[in-house]
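1. Task: produce atomic coordinates for the following.
(2 chains)
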Amino acid sequence: MNKLNFLQPNKNNFYTYLYTGVILVALSIFIVFLNSFFNKDIVSFLPGPISFFLPLILGFTGLHLIRIDYSGLRFLDSINKNINTNNFNAFLSLLIVFVVIKSLPPLLSWFIIDANIAGDSKDVCTGSGACWTYIKIWFNRFMYGMYPNPEQWRINLSFIALAFLGCVGFFATEKFKKYLTLYYVVVYPIIAFFFIFFFISGGPIFFDFSYGIIAAVISIILGFFIPSKFKMYYFIIVPITLYILLKYVFFYEELIELGKLEALEWVETGAWGGLSLTFIVSFFCLIFCFPIGLFLSLGRRSDFPIIKYISIGMIEFWRGVPLITVLFMSSVMFPMFLPEDMFIDKLVRVIIAISLFEAAYVAEVIRGGLQALPRGQYDAAKSLGMGYWKMHILVILPQALKLVIPGIANTFLALVKDTPLIFVVGLLEIVGMLNLAKTNPEWLGFAMEGYVFASVLFFIICYAMSKYSYNLEQKYKTER
Amino acid sequence: MNIKKILPQLLTLLVVILVFGFFSYNAQINMENRGITFGYGFLSQESSFDVQFSLIDYDGSHSYFRAYLVGLLNTILVSVIGIIFATIIGVVVGIARLSNNYLINRTASVYVEFFRNIPLLLQIFFWYFAALRALPLPQDTEPMFGVFFLTIKGFFVPAFVWNNLDVFIYSIIAAIISIIFIRIYAKKKQENEGIQTPVLSISIGLLLILPILSFLFGGVDASVEIPVIKQLSQSGFTFEGGIKLPPELISLALALSLYTATFIAECVRAGVQGVSKGQKEAAASIGLTPNQVLKLVVMPQALRIIIPPTTNQYLNLTKNSSLAAAIAYPDLVLVFAGTALMQTGRAIEIVSITMLTYLSLSISISIFMNWYNKKIAIKEK
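-> Just a heads-up that it's a prediction; the model follows:
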């Protein structure tokens, strides 16, 4: 038998080191576990500081003993390689494990064990844990804001319909694939706008919406009989004519009659709120900021000095100021710039402000992609006789945009995270609703639950977005 | 010049001029209707409102310009605190994300993913309305290290009472200037003779010795004033003496630094990963020690990648500090674009001043960054 050297464990007496080490580590974890889950201090007979640091010392010694290179045990090797490479790493790993074990019981008890969700008043929340009843009762308000309860199906229906229409791309057959870009860039936003403007907002204007739907359905049915050569012109001209005919010729009398009735109750934008408002604001800002940013970035690289300097001025101005001052401007300064009788809805002003603000960031991201393309791409496109627009649409932008997918995704994420700021103008999306709910005299003292709930929601949304953008990036990655 | 080049430019210019003309025409009419004349004269008028927390002497009898300065200084204060802590946390987390220890690596990335996917405003609210509200009242507070008091009313820390503070400051300035000269000299010496001077230890020594000398010979004297609890009424207590950091400042600085640190951590990670492995191997193969490899080869190249995006994050932090308005920390936006605007009704002047302040800050930093980028760019032949 070889001599045991505890300062430098080696492969001689391998199992002695291994068993001693494993027992020491297990003992240290066991002490911490008992201490945190059952509140029992089994080493309390030792003097204070020693009993406090004992698990750390035991575990550290144990990890030192099992640090044997090329032991031949796969599990041990992977532990040594990943968390136990040297003394410092072993110490940090132990610390992390202990902190996790220590913090599990209070977290579990707050979130689940001592928490309440039953009942529908504050009185059931007597435990020391979270009061999820508060979230349950206020759930509708957090989702829909002040939107009247019986009308909330309109928001649900619109969002479900828009989600379905958004998924069209996954089901499109090969034949329609080439129209997908057109659909997502032009058609889909228009449909979404109609849904939100006419359906969620409601009021007499709803009838315009129904004419629009009738016009669209009729023209799509007729569209099957039109030769494909004229289809594009057909789909531009016919729906609009049909709509105008329906509205002003066929149903003119009825409109006046019906306008007095309200098929759908009108809900003013001030009553919108909650998570649905977060979605509405970020959706529209996302749609508007991209084209504006694209034009600004092209403008910044333009050969025309006036356009170039106007674009630079726009970009640098919006990038230089905080969003909150932009919103201040849209709420207190912008009305001064309009004629006295002209009034623009608060929500519209906010969407314009945020879109312009984020467009400047999108512009800079796209400019990065444009600059990264080699000069040869421009020269090659020009040598084929392409003009400015043809060159950019067919050659430059597809490559440049592919390069900047991560940057654009980051900007969109920032946009979603910026939407709570609209509380400045008095619109209450989910964070604003939380602040309103926690000042309700019947429900004082549950701020923590509300913020945790909203944090989890935002984390899920933003994390999913960032993962999706990562997938896109991998999908469109091309070797250069 | 052909027409095809001039026409689009003229059209754009025309549109811009028309839009601006329309806006300013309406603004003029609206102001006439409200009986306001455009001008910045109101800045010297008496403000007649109070601010809870200010670094300079201020009350209602001072001018609006003074209120602007109060807000600006508060913004700068919270930004500087945020930048310092964000840098420390960001660098630590960024290095932790590069660690080959699985647990450390995971912990760091969980931190980054978690804190950067939650809106900053929500984090500020969380710290201010939920976390800091759980702190004890002043009378129940246990002191930390005997001198710090973390209470629901704010963080009370000891203050220094100085005699001849100016001599102390001069000594620090003198130390910094001499360090700059030593650095220049050391660089020249290394370029000419290839001999390294221990700049770091000399700098630390100078920074320690000169202020100590000022204590010994300059007549500088400092004593510590520890906050003491004081009863205001039956159940109202507060601390007297020392410095009070209001809870608004703490929660804002906490949220800003934790949020921005995630972005700085990513910058640091990208920077260190951006230095190719061959550089380290080459440096090691010419016989540099690991410390020298880090100091002379890896860090200079990594910093070239790290510094520009990190400066951008500092700028973002400063702009994000305007969220202070949500929890009533008296920063530039709350004091000036909030209270002062409500009092005077001068929307255009006040919003434009506020925006110009932020704009000039970010433009000056971006000019500096362009200069810096040009300076450190690799000069290729």
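2. Tell me how many other residues crowd the residue of the stretch 1-150 of chain A found nearest chain B.
-> When scored by Cβ to the nearest Cβ, the stretch 1-150 of chain A has residue A:82 as its residue closest to chain B, at 4.0 Å. Placement of C-beta: from N, CA and C, glycine included. Residues contacting residue A:82 under the criterion other Cβ atoms under 10 Å in any protein chain shown number 15.
3. thinking it is in contact with residue B:104, fair?
-> No. Counting by Cβ atoms under 8 Å, residue A:82 stays clear of residue B:104, with 10.1 Å between them.
4. on that earlier part again, please report the distance of the residue nearest to the residue of the stretch 1-150 of chain A closest to chain B when sequence neighbours are not counted from residue A:97.
-> Using Cβ to Cβ, 6 or more residues apart in numbering or on different chains and skipping the chain neighbours, the partner closest in space to residue A:82 is residue B:102 (4.0 Å). Plainly put, residue B:102 is 12 Å away from residue A:97 if you go by Cβ to Cβ, to the nearest Å.
5. Likewise for residue A:114?
-> Residue A:114 is 25 Å from residue A:97, by Cβ to Cβ.
6. Of the two, give the one with the bigger neighbour count.
-> In terms of neighbours (other Cβ under 10 Å), residue A:97 is the more surrounded of residue A:114 and residue A:97; the figures are 18 against 14.
7. The more buried one contacts residue A:29, correct?
-> Yes. Under the criterion of Cβ under 8 Å, residue A:97 makes contact with residue A:29 at 6.9 Å.
8. Give me the common contacts of these two.
-> When Cβ atoms under 8 Å, 6 or more residues apart in numbering or on different chains defines a contact, no residue borders residue A:97 and residue A:29 alike.
9. If you tally nearby residues, what's the number for residue B:119?
-> By other Cβ under 10 Å, neighbour count at residue B:119 equals 25.
10. actually residue B:97, not the one I typed
-> Residue B:97, neighbours per other Cβ under 10 Å, totals 21.
11. what sits against the nearest residue to it once chain neighbours are set aside?
-> Nearest non-adjacent residue to residue B:97, counting by Cβ to Cβ, 6+ apart: residue B:108, 4.4 Å away. Applying Cβ under 8 Å, 6+ apart, one finds that residue B:108 lies in contact with B:93-94, B:96-97, B:99, B:265.
12. So for residue B:108, what's the pLDDT?
-> With respect to pLDDT, residue B:108 scores 93.
13. Going by neighbour count, which residues in whichever strand or helix holds it are buried?
-> Using DSSP states H and E, residue B:108 maps to helix B:102-116. Using 16 or more other Cβ atoms under 10 Å in any protein chain shown as the test for burial, helix B:102-116 gives B:102-105, B:107-109, B:111-112, B:115-116.
14. pLDDT on the longest helix along chain A, on average?
-> Criterion DSSP state H: the longest helix present in chain A is helix A:447-475. The pLDDT scores in helix A:447-475 average 90.
15. the domain parsing of the chain - what is it?
-> By default, I'm working from chain A. Domains of chain A are assigned by automatic domain parsing as A:14-113, A:140-147+A:267-475, A:204-263.
16. not quite, I wanted chain B
-> B:3-38, B:64-158+B:226-376.
17. hey, where'd the strands end up in the chain?
-> Looking at chain A here, since you left the chain open. Assigned by DSSP state E, the strands in chain A fall at A:273, A:428-429.
18. Wait, chain B was what I had in mind.
-> Counting by DSSP E, the strands of chain B are B:149-151, B:154-157, B:159-163, B:221-225, B:228-231, B:237-240, B:243-245.
19. and the stretch 201-350 of chain B, which of its residues are near chain A?
-> Residues of the stretch 201-350 of chain B lying near chain A by Cβ under 8 Å from any Cβ of the partner chain: B:319-320, B:322-323, B:325-326, B:333, B:337, B:341, B:347-348.
20. May I ask which two of those are separated the most?
-> When Cβ to Cβ is used, the two most widely separated members of those are B:320 and B:348, lying 24.9 Å apart.
21. Please identify which of those two sits among more neighbours.
-> residue B:320 (24 against 18).
22. ok, now which ones touch the more buried one?
-> By Cβ under 8 Å, 6+ apart, the neighbours of residue B:320 are A:322, B:120, B:256, B:259-260.
23. Now flag whichever of the contacts of residue B:108 is closest to chain A.
-> Closest to chain A, out of all of these and judged by Cβ to the nearest Cβ, is residue B:99, at 7.6 Å.
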